[in-house]
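A.B. asks: this is a predicted model, with the sequence first.
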There are 2 protein chains.
Amino acid sequence: MSQTTLPQGPKCIFCRIVAGELPASRVFEDDVCLALMDVFPLRPGHVLVMPKTHGEHLADLSPALRAHLLETANRIAQALRRSALAPDGIHFAVNEGRAAHQTVPHCHIHVLPRRRRDLLGLIGQILSKPIQLIRGPSAPDERERQARLIAEQLEP
Amino acid sequence: MSQTTLPQGPKCIFCRIVAGELPASRVFEDDVCLALMDVFPLRPGHVLVMPKTHGEHLADLSPALRAHLLETANRIAQALRRSALAPDGIHFAVNEGRAAHQTVPHCHIHVLPRRRRDLLGLIGQILSKPIQLIRGPSAPDERERQARLIAEQLEP
């Protein structure tokens, strides 16, 4: 479908991370997918789960790959709950299209921890995204710490 | 897991809809899942996809049922894109826990259409949800119209 019209391979930032050309705070990976900490987290512990092959939308992936991504996202969420980050709630979200805030055209599931009464903080983070993009990504040490906290709670 | 501690069967509003005890604007159903229009839509064309059996979180469902829900949500999104509602973007979202705005403890995937520059409208709708809950649900005729527009674009 839309793969042919979009940056992929060496041009897609997620494809470059998958290929090891760019660093990332990895939480989990297997043959077909990769989970890493979002460098512009909307809340602490914000994880992205993506296929290792390029595709813009869920519809560009195979049913088996879609199912595998969801299983992986669910495992990450369970690990997050058991971890020291201990969220009160969790969103799973896939954003498709710029109008839905898809900033990288490589399909990914957001696993976004929530705390009670953090809605205004979340909205502030969404509205200030343009400023964050100028300021630069979150502290790598903190992302690595959170990645370890989640990874150590993953069931084998 | 959490099923045993939560309203289900006759007490869960989604279980009652599945059983036909409460009305809904149905977009699609098969043996194991049901898709209907949200009665408090965050944007026009807001669909919910749910399993017919009760479970609070994704982790309470079987892997096969999780995969089937995602496949159905993806089919609904494709139909939405082809429909007269023609969104510019789409969110898929599962909210788990009250802190993540899960208002019915019966797992469901939101398929939420977006328009360019409708972020403030969306945030306004989220923040005014308590007022909407008092005012009551959206107009049933409009929900039925949207359900038909989407259903007629579903691939067989």
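C.D. replies: Okay, I see it.
A.B. asks: any idea how far the biggest helix by length in chain A is from the chain center?
C.D. replies: If you go by DSSP state H, chain A has its longest helix at helix A:63-82. For helix A:63-82, the distance from its own C-alpha centre to the chain's C-alpha centre is 11 Å (Cα atoms, centre = their mean, to the nearest Å).
A.B. asks: just the CA coordinates for the helix or strand that it is followed by, please, in PDB.
C.D. replies: Next helix or strand after helix A:63-82 toward the C-terminus (DSSP states H and E): strand A:89-96. Taking Å, rounded to 0.1, in the frame of the first residue of the first chain, the C-alpha atoms of strand A:89-96 are listed here in PDB:
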ATOM      1  CA  GLY A  89      -3.400   3.100  33.900                       C
ATOM      2  CA  ILE A  90      -2.100   2.400  30.400                       C
ATOM      3  CA  HIS A  91      -3.000   3.500  26.900                       C
ATOM      4  CA  PHE A  92      -2.200   1.400  23.800                       C
ATOM      5  CA  ALA A  93      -2.300   3.700  20.700                       C
ATOM      6  CA  VAL A  94      -1.500   3.600  17.100                       C
ATOM      7  CA  ASN A  95      -1.600   7.000  15.300                       C
ATOM      8  CA  GLU A  96      -2.100   6.900  11.500                       C
END
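A.B. asks: about what we covered before: buried residues in the longest helix of chain A?
C.D. replies: Going by neighbour count (16 or more other Cβ atoms under 10 Å in any protein chain shown), the buried part of helix A:63-82 is A:65-81. Glycine gets a C-beta too; all of them are placed from N, C-alpha and C.
A.B. asks: repeat for stretch A:97-117
C.D. replies: Those would be A:97, A:99-102, A:104-115, for stretch A:97-117 by 16+ other Cβ under 10 Å.
A.B. asks: near chain B, which of those residues show up?
C.D. replies: A:97, A:99-102, A:112, A:114-115 (Cβ under 8 Å from any Cβ of the partner chain).
A.B. asks: kindly reformat those residues as a markdown table containing secondary structure and pLDDT.
C.D. replies: Converted to a markdown table, those look like this (DSSP: H, G, I helix; E, B strand; the rest coil; pLDDT from 0 to 100):
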| residue | secondary structure | pLDDT |
| --- | --- | --- |
| A:G97 | coil | 97 |
| A:A99 | helix | 96 |
| A:A100 | helix | 97 |
| A:H101 | coil | 94 |
| A:Q102 | coil | 96 |
| A:L112 | strand | 98 |
| A:R114 | strand | 97 |
| A:R115 | coil | 96 |
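A.B. asks: so A:D31 is in contact with A:L65, correct?
C.D. replies: No. A:D31 is beyond contact range of A:L65, at 11.0 Å (criterion: Cβ atoms under 8 Å).
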